[in-house]
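**Student:** Based on what follows, work out the 3D shape:
(4 chains)
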There are 2 protein chains.
Amino acid sequence: MNEPEKIKKSRRSSGAITLSDVAKLAGVAPITASRAVNTPNQVSPEVRQKVQEAVRRTGYVPNRVAGGLASSRSRLIAAVVPSIVVSVFVETIETLNNTLFEAGYQLMLGQTGYSAEREEALLEAIIGRRPDGIFLTGIMPSSKGRTRLLASGIPVVETWDLTPTPIDMLIGFSHSDIGREVAHFLMAKGRSRFALIRADDERGTRRATAFRNTVVQRGLPDVLVDNVGSSRTLKSGREALSRILAQAPETDAIFCSSDLIALGVVTEAIARGIAVPQRLSIVGFGDVPYVANMVPALTTVHINGSNIGRMAAGCLIARAEGRAVDNPIVDVGFSIIERDSA
Amino acid sequence: MNEPEKIKKSRRSSGAITLSDVAKLAGVAPITASRAVNTPNQVSPEVRQKVQEAVRRTGYVPNRVAGGLASSRSRLIAAVVPSIVVSVFVETIETLNNTLFEAGYQLMLGQTGYSAEREEALLEAIIGRRPDGIFLTGIMPSSKGRTRLLASGIPVVETWDLTPTPIDMLIGFSHSDIGREVAHFLMAKGRSRFALIRADDERGTRRATAFRNTVVQRGLPDVLVDNVGSSRTLKSGREALSRILAQAPETDAIFCSSDLIALGVVTEAIARGIAVPQRLSIVGFGDVPYVANMVPALTTVHINGSNIGRMAAGCLIARAEGRAVDNPIVDVGFSIIERDSA
DNA sequence: TTGAAAGCGCTAACAA
DNA sequence: TTGTTAGCGCTTTCAA
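**Tutor:** Below is the predicted model of the structure:
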């Protein structure tokens, strides 16, 4: 008379196929189905077969959100980057993402736009997702951010810079060394009237400072510094050169905070009939792939971004899987690639 | 004598502060704390105050994984891109990501590397995360992928192309139209001996085909097609021009599948003393920011990538929040930007 | 406005 | 090898 079979139906549900559905169809317990899916050689071939068949028939896709909650392992890695439009970071992210994917991890991407405020909001959002690891471009400057990260207990790899006191792991290089080395390089070429183009960014400032100090220590005239603010474009490189030439026409070497800006300087120089490198040496930063094959080919500071991405992925995965990282602090260095422009 | 207070402790825990901890500290029920955090004006000012204080003191960060499981709303959007090293996609992703973040969503990034196999694995990984929306670069070609996506019930926006049968929403432009228009543009300039450089990619092929057809229909000689495979670099543009010139030295116009390749062609032409555009017209694709300010400035097909990212974010957010999307199929068009190179 | 109960879909822990 | 039980941390539903 009444409905004997009808068990009181659960109130909500996403409607999607669940592991229980699969288990029911295969005639096993949910946990057995779970094993058949995730660790197939923990179950008998017979059960494995039945469950796989059920998965196929239902089109079941495991819910990683639920799995992540139950196991406290999200298989998600978060990456914080200033901006992916700034091409110097793109290779790192691409390689990081690919390496993670091959190991079964997904990448969550966050952009700070070089804003500290934004970075803080981003950090909150990231920690809320409980990722298995966090990739940071640069070292975390704010002590609030450091504290939050430390408190979260999530493995962190800082990159793209060096510090004696990393939060956790570190894969970077020294910006001061770069500034110094580039100054030496240019001075060895007989240059003596230097200018420098930089954007609003802390690491670039450190390269700039080291560059200036080195030049001044050698007894040469001080470096003319042009700040393009947040405009890291070819165009602002062109405009910067115009300003520099108006102020100091005798300038014979310029160190730029990015390849794109350097490209702008080269472009403007050629447009003005200034011989590069004869009259003006130009050095970029980043060694973005295409600058090697331009005419004139750009002399620049090479950073192996791919390598940073790959190593960072390795560290993060190791820690996520409970393995120790043998070398948690790595200086990947840099190299000055001498081409035509200097 | 025995331990009256000690309730049998739960077996596992991530150890982090939970909402219950906050609630206990504030002297309210967990659900009340939840309301105070998420919908503050559903609780009395007094309770709100107490809970906020407890949050501050404990450093509580809500666990979005648990929240997502309970509410079936992950506030996560997944994006599928061929590659972020291919700069034409970068602006779209940047804007998509920023727009999403401002609305409280995070972006999960997946790269296919133009590989179908990889795309399938990626889709599986994405669906398993139950994102609130999926952004696809290009239309989903495989029927298997379409079926999977449809079955998942997740809102999808395909972009960067047009089709009469989108899975769900669509924001794109016509590649055939581009091929045709560029051919018309070049013919109107009096050009007649065409070459075309393309990479291995389905959309580029469609631009190429339309370009050829238009040229041939006009009774002009067939277009020489050079395929650079998967090497979308400035260098391969230079090499392609060398090959083209060897085969057809009379070539007077080249349509390239990307700005970077076009830059390579321009570079090689200048290196060989070929006047651009007098002897050779060059048209790129994408209008990547820096090509406008080079010398010669590149004539190219402008795609408003930012706009696509912003609109896609809007559609996806609307659908995630249960709002209808008034215009689910949008042709954002393109424009040929005439500069110096053609 | 507040709370109790139930459960999202899965896996860890334990037992058989 | 398989299953039972309990719970991950949160929100929905319903009731007060």
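
**Student:** C-alpha only now, for contacts and for neighbours.
**Tutor:** Fine.

**Student:** Can you report how many residues neighbour residue A:165?
**Tutor:** 9 (other Cα atoms under 10 Å in any protein chain shown).

**Student:** Report pLDDT for it.
**Tutor:** Per-residue pLDDT puts residue A:165 at 94.

**Student:** Next, it: secondary structure please.
**Tutor:** coil (DSSP: H, G, I helix; E, B strand; the rest coil).

**Student:** Strands of chain A, residue ranges please.
**Tutor:** For chain A, the strands defined by DSSP state E cover A:76-81, A:106-111, A:133-137, A:156-159, A:169-172, A:194-198, A:224-227, A:253-256, A:281-286, A:299-302, A:329-331, A:335-337.

**Student:** out of these, deepest packed?
**Tutor:** Neighbour counts (mean count of other Cα atoms under 10 Å in any protein chain shown) averaged over each of these peak at strand A:253-256, with a mean of 28.

**Student:** Which other helices and strands does that one contact?
**Tutor:** Where contact means 3 or more Cα pairs under 8 Å, 6 or more residues apart in numbering or on different chains; DSSP states H and E, strand A:253-256 is packed against strand A:194-198, strand A:281-286.

**Student:** Kindly report the residues of the stretch 201-342 of chain A close to chain B.
**Tutor:** Counting by Cα under 8 Å from any Cα of the partner chain, the stretch 201-342 of chain A comes close to chain B at A:233-235, A:260, A:264, A:267, A:271, A:289-290, A:293-295.

**Student:** mind listing which of the residues you listed are in helices?
**Tutor:** With DSSP state H as the criterion, helices contain A:234-235, A:260, A:264, A:267, A:271 from among these.

**Student:** quick one: which of these is nearest residue B:15?
**Tutor:** Set against residue B:15, the nearest of these by Cα to Cα is residue A:260 (46.4 Å).

**Student:** Distance check, that closest one against DNA strand C.
**Tutor:** Note on residue A:260: its distance to DNA strand C, by Cα to the nearest atom of the strand, to the nearest Å, is 46 Å.

**Student:** and the stretch 1-150 of chain A, which residues reach chain B?
**Tutor:** Residues of the stretch 1-150 of chain A lying near chain B (Cα under 8 Å from any Cα): A:14, A:16, A:61-66, A:68-69, A:72, A:83-85, A:90-91, A:94, A:97-98, A:106-111, A:124-125, A:127-130.

**Student:** doesn't residue A:257 make contact with residue A:199?
**Tutor:** Yes. Counting by Cα atoms under 8 Å, residue A:257 is a contact partner of residue A:199 at 6.7 Å.

**Student:** hmm, back to that, let's have the helices and strands packed on strand A:253-256 in JSON lines, adding mean pLDDT and distance to residue B:340.
**Tutor:** Shown next, in JSON lines, are these (pLDDT from 0 to 100; distance: least, Cα to Cα, whole Å):
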{"stretch": "strand A:194-198", "mean pLDDT": "98", "distance to residue B:340": "27"}
{"stretch": "strand A:281-286", "mean pLDDT": "98", "distance to residue B:340": "25"}
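
**Student:** can I get the ones you listed in TSV with distance to DNA strand C?
**Tutor:** Output for these, formatted as TSV (distance: least, Cα to the nearest atom of the strand, whole Å):
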stretch	distance to DNA strand C
strand A:194-198	49
strand A:281-286	42
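
**Student:** out of the ones you listed, nearest to DNA strand D?
**Tutor:** Among the helices and strands packed on strand A:253-256, strand A:281-286 comes nearest to DNA strand D, with 41.2 Å by Cα to the nearest atom of the strand.

**Student:** Return the list of helices and strands in contact with that closest one.
**Tutor:** strand A:253-256, helix A:259-271, strand A:299-302.

**Student:** I'd like to know which of these lies nearest to residue A:326.
**Tutor:** strand A:299-302 (26.0 Å).

**Student:** Extract the C-alpha trace of that closest one and format it as CSV.
**Tutor:** Provided in CSV are the C-alpha atoms of strand A:299-302 (Å, rounded to 0.1, in the frame of the first residue of the first chain):
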residue,chain,number,x,y,z
THR,A,299,72.8,41.1,-25.5
THR,A,300,71.0,40.2,-22.4
VAL,A,301,71.0,38.4,-19.1
HIS,A,302,69.8,34.9,-19.4
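
**Student:** Name the residues that touch it?
**Tutor:** A:178, A:259, A:282-287, A:334-342 (Cα atoms under 8 Å, 6 or more residues apart in numbering or on different chains).

**Student:** Pick out whichever of residue A:199 and residue A:257 has more residues nearby.
**Tutor:** residue A:257 (28 against 21).

**Student:** dump the residue contacts of that one.
**Tutor:** Applying Cα under 8 Å, 6+ apart to residue A:257 gives the contacts A:196-199, A:204, A:284-285.

**Student:** now do 6 Å
**Tutor:** Applying Cα atoms under 6 Å, 6 or more residues apart in numbering or on different chains to residue A:257 gives the contacts A:198, A:285.

**Student:** which residues does the closest residue to chain B within chain A bridge with?
**Tutor:** As assessed by Cα to the nearest Cα, chain B sits closest to residue A:108 within chain A, at 4.3 Å. Beta bridges link residue A:108 to residue A:78, residue B:108, judged by DSSP bridges.
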